[in-house]
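Chemist: What follows is a predicted protein model with its sequence.
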Amino acid sequence: MPRGFHYKMLSRTGDVMPNGDLVPSAHDGMAAYKGEKGTTILVRNHENGTNSDYPVNGKKPWSAGAAGGTTTLIVGQNK
C-alpha cells in the first residue's frame, strides 16, 4: 500500500451479515454511492460458481444455476 494510505476491513468472507447470511466469497468489483446522513452505499460483486462454499443468497436470484451476485453495505462516516 502506498505511504500515506490506509484501509479498514469492513467484512471478511464467512463473516455473519446483519440478515444472518454469510459474507460471500470471490469479491471482484464494487461501486460506491452517496448515502443518507454522510453514509456510503457500497455494492460488491461476487463471481461465485455453483460449488462455492460462500454463495450469494437472495430472495430473487438472477439465475438459479449460479451462486454469484451482489451484496450491499451501508458504511458510516469515517471518523
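Modeler: Nice, thanks for sending it over.
Chemist: partners of Ala32 in the sheet?
Modeler: Assessed by DSSP bridges, Ala32 has beta-bridge partners Leu42.
Chemist: Report the contact partners of the nearest residue to Ser11 once chain neighbours are set aside.
Modeler: The shortest distance from Ser11 to any residue that is not its chain neighbour, by Cβ to Cβ, 6 or more residues apart in numbering, is 4.8 Å, and that residue is Val23. No exception for glycine: its C-beta is placed from N, CA and C like everyone else's. Val23 makes contact with 11-17, 54, 71, according to Cβ atoms under 8 Å, 6 or more residues apart in numbering.
Chemist: Most neighbours out of those residues, which is it?
Modeler: Most neighbours among the contacts of Val23, by other Cβ atoms under 10 Å: Thr71, with 20 neighbours.
Chemist: Low-confidence ranges, this structure, go.
Modeler: With pLDDT under 70 as the threshold, the chain has low-confidence stretches at 61-64, 78-79.
Chemist: Which of the contacts of Val23 fall in strands?
Modeler: Using DSSP state E, the members of the contacts of Val23 that fall in strands are Thr71.
Chemist: Quick check: of the contacts of Val23, which lies closest to His46?
Modeler: The shortest separation between His46 and any of the contacts of Val23 is 6.8 Å, and it belongs to Thr71 (by Cβ to Cβ).
Chemist: For the closest one, give its distance to Asn45.
Modeler: Using Cβ to Cβ, to the nearest Å, Thr71 is found at 9 Å from Asn45.
Chemist: What segments of the protein are strands?
Modeler: Counting by DSSP E, the segments of the chain that form strands are 27-34, 40-46, 69-75.
Chemist: Nearest to Phe5, out of these?
Modeler: Proximity to Phe5, assessed across the strands of the chain by Cβ to Cβ, is greatest for strand 27-34 (16.3 Å).
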